[in-house]
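Trainee: here is a sequence with its predicted model. Questions after.
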Amino acid sequence: MAEEGSMTAAAERLRVTQPSLSPQIGALEKHLGVQLFTRTSGGVTVTMAGRAFLAEAEIATTACRRAVLAARAASGELAGELIIAVHMGLGARRLPLALGRLRHRHPKLQVILHEEPDPADMERPARQGTLDIVLVHRIPTGCTFDIHPLGEETYVAVLPEGHPLLASDRALRMADLATQGSWASPWFRHRPCPKASNS
């Protein structure tokens with residue numbers, strides 16, 4: 001209901017009837033002693049108490065899901081959900097081959113992928129335990145998570161002819177590009193690292 005904004009939409013998403021869902025919400029609110037939703041003519045809105053409950057409930061359900069995964073993984077059968085958040089741009093280059101291998105090795109594992117433009121948007125759900133893996137270009141300052149470097153990538157800045165930065169032979173830094181005006185905004189192109197020779 002919190003995500004759908006209406007009792008009807010929530011019932012359809014859960015594949016239950018609305019008359020059966022409403023009493024369950026009412027029973028939960030009675031058990032907690034607080035009102036989780038405010039009913040309006042346009043649907044439902046989450047109360048402050050509801051938002052607080054939802055945040056903790058998401059952590060609890062994720063922990064339950066991970067417990068099931070851990071038990072199955074220990075027996076050699078990896079199944080369930082793997083939730084990955086990817087900094088925008090990384091997913092198109094690194095993930096397809098890795099996910100293909102993962103699906104081949106663990107066909108019962110469902111991967112849910114979220115692509116985010118700002119790494120800061122991934123920090124809160126990661127701390128809440130609603131994400132299993134976060135892939136970023138740069139490790140945020142003060143990060144306390146387990147870190148596993150996956151490799152390095154090389155980028156090329158495409159600049160217009162006569163651009164001042166072309167006068168120097170040294171490698172460009174992001175700070176160099178950040179100081180340029182909008183008239184000289186470059187395009188970036190990913191250049192894969194050269195493959196190792198078999199010889």
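Mentor: Structure received.

Trainee: and the longest helix for the protein?
Mentor: Scanning the chain for the helix with the most residues, using DSSP state H, yields helix 48-74.

Trainee: in that helix, what's buried?
Mentor: For helix 48-74, burial by neighbour count (16 or more other Cβ atoms under 10 Å) applies to 50, 53, 62, 65, 69, 72. From N, CA and C alone the C-beta is placed, and that goes for glycine too.

Trainee: out of these, which is nearest to residue 157?
Mentor: residue 62 (39.9 Å; Cβ to Cβ).

Trainee: just checking, that closest one touches residue 130?
Mentor: Yes: using Cβ atoms under 8 Å, residue 62 is in contact with residue 130, at 5.2 Å.

Trainee: follow-up on the earlier one: just checking, what packs against the longest helix of the chain?
Mentor: If contacts are counted by 3 or more Cβ pairs under 8 Å, 6 or more residues apart in numbering; DSSP states H and E, helix 48-74 sits against strand 80-87, helix 120-128.

Trainee: buried sites along the shortest one?
Mentor: Looking back up the chat, that one is strand 80-87. Going by neighbour count (16+ other Cβ under 10 Å), the buried part of strand 80-87 is 80, 82-87.

Trainee: on that earlier part again, which of the helices and strands packed on helix 48-74 has the lowest mean pLDDT?
Mentor: Mean pLDDT is lowest for helix 120-128 among these, at a mean of 71.

Trainee: then it to PDB, C-alphas only?
Mentor: The C-alpha trace of helix 120-128 is given here as PDB (Å, rounded to 0.1, in the frame of the first residue of the first chain):
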ATOM      1  CA  ALA A 120      24.700   8.600  -2.500                       C
ATOM      2  CA  ASP A 121      21.200   7.200  -3.300                       C
ATOM      3  CA  MET A 122      22.600   3.700  -2.800                       C
ATOM      4  CA  GLU A 123      24.200   4.300   0.600                       C
ATOM      5  CA  ARG A 124      21.000   4.400   2.700                       C
ATOM      6  CA  PRO A 125      19.300   1.200   1.300                       C
ATOM      7  CA  ALA A 126      22.700  -0.500   1.600                       C
ATOM      8  CA  ARG A 127      23.000   0.400   5.300                       C
ATOM      9  CA  GLN A 128      19.400  -0.700   5.800                       C
END
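
Trainee: now that helix against strand 80-87, angle please.
Mentor: 150 degrees (axes from the mean of the first three to the mean of the last three Cα atoms, to 10 degrees).

Trainee: before we move on, back to that, list just the nearest of the buried residues of helix 48-74 to residue 36.
Mentor: Of the buried residues of helix 48-74, the one sitting nearest to residue 36 (Cβ to Cβ) turns out to be residue 50, at 3.7 Å.
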